[in-house]
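[1] The sequence isn't on hand, but the structure is:
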């Protein structure tokens, strides 16, 4: 099986770049499978040329890097061998004229330093499209994260009771995952009642009362890969207005998946924006406001990756891509409904990775 | 009481900068007390001029920002009002000629955009020194985090048993804090036996056995402020070699604190590197290798802040600063001892904020 590193090096061979300096943590994880470096502080770089690859990091990580990333040559950054000295050495050794950087990640101070050494420094965005094309191993990891997500949902429904706060419920999700030696992939969205009308509501101290909508949007991080799922249930007997909204959102998702399936069956190109449009138009056709966010997003090492399923997206959906389909209706001062699942696009069409029930649940 | 924002604006008035674009999450928290923005993704900027201050963020945060940061004017970034358009408007309105940025935080792509609008863009580092000078309210918050740290230590000692892994213990620390509605301030260092010889050991699946060193280095994040503490205990009856190392590390810390006290009492300037030297020299004088890290670091919203207590530091320790004092001895293939406490520097000298016992504990 060709590794992600080999894929990158193949791309480099076809490009005018002599090297890429990889700085973002997700791309380091993608190329090395090693996730021990800090997400917040800069602790390492990868330096990739067409036929060689290096990890530049400090002594703290030396042993682990040698053991876990043996395919990469380790160069230790220290007071005696500064990052600048190392880059200067690599520049000479590999005759680097043009180097790629991650402009969305590299800091200005780092860039100013780098451009003193390398006159031809340009953005290299190739890793994003590589990452959107998942291997079977990656899909398997996301599937495992989704399974644990389903288990978490099952658990958290039992914790719903009058008086529990959104924050408390969010913490329960996180603790359940930690007990399962996993983590959250983002701060869970827990929204009761009217709060569910805010798509990205931040959990508050508001307490659950009878006759309230409960919107739960959370994800699992397991073995470096993320899941993401949203379910909306009703705490009490659901009023007709909620039921109506719920069924329209559910049908809008079904329509999007159906359209995706038919395009795959007919071997047609699948513009991401077309799938977005199917779900969006269905909701509008029923007299509700359009979805105030995109229909979906790619997912993998990060919660939000290529492709983007939105009205302005230029992405084309392809086999091996994993993404969310998450239509929603939000009515200020009433509440909202969102239903989100992950799918992987296969030769046979979209395959669901999240399996939590979607019939209307009244608790 | 003068706010952190007012302090910054006072500094701006004395400088040649017309504005500062604040992008890093810790500095946004420092100036607004609001910590709802993502640590990993860019979700907001502050735009500060001498007599006005703005939050630039998207619709998701609008309501909360209006409610929780009323002193700042909210400008919503949207597809109709892009960040560039907003900055252009602010530039004209406030006649901005020279703007400060955080070069250690701003991304290259953001910088390239910004320099199209503002020709005079320079690094503004003033917030670091402002943040090192803590207010009573900030010290109080750190003290509360330290108290919860002491409580956590007390709890975690009871969880030590044969067969528990370093990772499991690290997760227990994290879960205990989440149950107390706090968080870890960094991934806990839990090191058994020989692993304790690695100062920044990453918790592994290694299991606790009898007659092993247990090094615990962890911190609490509570109300946006961090604590940090290290204790080293022995699981079983400690051998003489461990006892010797332990007492030397403990005495080295005591010497550093004593020296700090005498300099304060004599109203002398206190170069941070002098305090580092006292502890370091003491350990070396006893025939052990020097400390392979700095003696201490400032702490507050971030775990590592100004001042730096290291041999090359140029920082001067002043009243109101909060920092760690953490000498250590590390013997490869045997193990290590580190003892770390936080102190706040007051008129009367250093005052300890962490209070967990430091007598040699055998479990």
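    Perfect, I can see it now. Computed from a predicted structure; not experimentally measured. Numbers count the residues shown, from 1 in each chain, chains lettered A, B, ... in the order given.
[2] quick one, what contacts the closest residue to residue A:218 other than its chain neighbours?
    Leaving out its chain neighbours, the residue that sits closest to residue A:218 by Cβ to Cβ, 6 or more residues apart in numbering or on different chains is residue A:188, at 3.8 Å. C-beta here means a position set from N, CA and C on the backbone, and glycine is covered the same way. By Cβ atoms under 8 Å, 6 or more residues apart in numbering or on different chains, residue A:188 lies in contact with A:169, A:170, A:173, A:174, A:203, A:216, A:217, A:218, A:219.
[3] Residue A:330 now?
    When the contact criterion is Cβ under 8 Å, 6+ apart, the partners of residue A:330 are A:196, A:197, A:198, A:199, A:289, A:292, A:336.
[4] before we move on, back to that, out of the contacts of residue A:188, flag the one nearest to residue B:50.
    Within the contacts of residue A:188, the smallest distance to residue B:50 is 36.9 Å, found for residue A:203 (Cβ to Cβ).
[5] what residues does the stretch 151-300 of chain A put near chain B?
    A:167, A:171, A:174, A:175, A:178, A:179, A:181, A:198, A:199, A:200, A:202 (Cβ under 8 Å from any Cβ of the partner chain).
[6] ok so, going back, please convert the buried members of the contacts of residue A:330 into ChimeraX selection syntax.
    Buried residues within the contacts of residue A:330, by 16 or more other Cβ atoms under 10 Å in any protein chain shown, are selected in ChimeraX with:
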select /A:196,197,198,199,336
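[7] In a markdown table, list the contacts of residue A:330 along with pLDDT.
    Putting those into a markdown table (pLDDT from 0 to 100) gives the following:
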| residue | pLDDT |
| --- | --- |
| A:196 | 96 |
| A:197 | 94 |
| A:198 | 89 |
| A:199 | 90 |
| A:289 | 91 |
| A:292 | 90 |
| A:336 | 97 |
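[8] Which of the contacts of residue A:330 fall within strands?
    Those of the contacts of residue A:330 mapping onto strands are residue A:336, per DSSP state E.
[9] right, and residue A:187 touches residue A:201 too?
    No. Using Cβ atoms under 8 Å, residue A:187 is not in contact with residue A:201; the gap is 10.7 Å.
[10] most centrally placed residue in chain A?
    To find the centre residue of chain A, average its C-alpha atoms and take the closest one (Cα atoms, centre = their mean): that gives residue A:303, at 1.8 Å.
[11] Residue A:140 should be in a strand, yeah?
    No. Per DSSP: H, G, I helix; E, B strand; the rest coil, residue A:140 lies outside any strand segment and is helix.
[12] which of the contacts of residue A:330 sit farthest apart?
    Checking the contacts of residue A:330 with Cβ to Cβ, the most distant pair is A:196 and A:289, at 14.7 Å.
[13] sorry, back to before: report the buried members of the contacts of residue A:188.
    Among the contacts of residue A:188, those scoring as buried are A:169, A:170, A:173, A:174, A:203, A:216, A:217, A:218, A:219 (criterion: 16+ other Cβ under 10 Å).
[14] any chance of those residues in a markdown table, with distance to residue B:106 too?
    What follows is the buried ones among the contacts of residue A:188, written out as a markdown table (distance: Cβ to Cβ, whole Å):
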| residue | distance to residue B:106 |
| --- | --- |
| A:169 | 36 |
| A:170 | 31 |
| A:173 | 33 |
| A:174 | 31 |
| A:203 | 30 |
| A:216 | 35 |
| A:217 | 30 |
| A:218 | 31 |
| A:219 | 28 |
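[15] Against residue B:38, how distant is the residue of the stretch 151-300 of chain A found nearest chain B?
    As assessed by Cβ to the nearest Cβ, chain B sits closest to residue A:200 within the stretch 151-300 of chain A, at 4.3 Å. As judged by Cβ to Cβ, to the nearest Å, residue A:200 and residue B:38 stand 11 Å apart.
[16] Same check on residue A:3?
    31 Å.
[17] Lowest-confidence entry in the buried ones among the contacts of residue A:188?
    Lowest pLDDT among the buried ones among the contacts of residue A:188: residue A:203, with 89.
[18] Contacts only, for residue A:132.
    With Cβ under 8 Å, 6+ apart, residue A:132 has these contacts: A:298, A:300, A:305, A:306, A:307, A:315, A:318, A:321.
[19] Just the buried residues of those residues.
    A:298, A:300, A:305, A:306, A:307, A:315, A:321.
[20] right, and out of these, which lies closest to residue B:253?
    The nearest member of the buried ones among the contacts of residue A:132 to residue B:253, counting by Cβ to Cβ, is residue A:300 at 45.7 Å.
[21] about what we covered before: of the buried ones among the contacts of residue A:188, which is the nearest to residue A:241?
    Nearest member of these to residue A:241, counting by Cβ to Cβ, is residue A:216, at 20.1 Å.
[22] what's the helix or strand for the closest one?
    Taking DSSP states H and E as the definition, one finds residue A:216 inside strand A:212-218.
[23] For the closest residue in space to residue A:233 that isn't next to it in sequence, grab phi and psi.
    Of all residues not flanking residue A:233 in the chain, residue A:361 sits nearest, at 4.2 Å (Cβ to Cβ, 6+ apart). Residue A:361 adopts backbone torsions of phi -100, psi 130, taken as degrees, to the nearest 10.
[24] got it, and residue A:152?
    phi -60, psi -40.
[25] isn't it right next to residue A:178, touching?
    No. Residue A:152 lies out of contact with residue A:178 (Cβ under 8 Å); the separation is 11.2 Å.
[26] So for these two, which residue has more residues nearby?
    A count of neighbours by other Cβ atoms under 10 Å in any protein chain shown puts residue A:152 above the other of residue A:152 and residue A:178, at 26 against 17.
[27] how far away is that one from residue A:182?
    Distance, residue A:152 to residue A:182, using Cβ to Cβ: 9 Å.
[28] Identify the contacts common to the two.
    residue A:220.
[29] how about the helices of the stretch 51-200 of chain A, start to end?
    In the stretch 51-200 of chain A, the segments counted as helices under DSSP state H, counting those that start in this stretch are A:62-68, A:83-93, A:108-117, A:126-132, A:136-157, A:166-179.
[30] The first one vs chain B: in contact?
    Looking back up the chat, that one is helix A:62-68. Yes. Using Cβ under 8 Å from any Cβ, helix A:62-68 reaches chain B at A:63, A:64.
[31] what comes up buried for stretch A:333-348?
    Neighbour-count burial for stretch A:333-348 flags A:334, A:335, A:336, A:337, A:338, A:339, A:340, A:341, A:342, A:343, A:344, A:345 (criterion: 16+ other Cβ under 10 Å).
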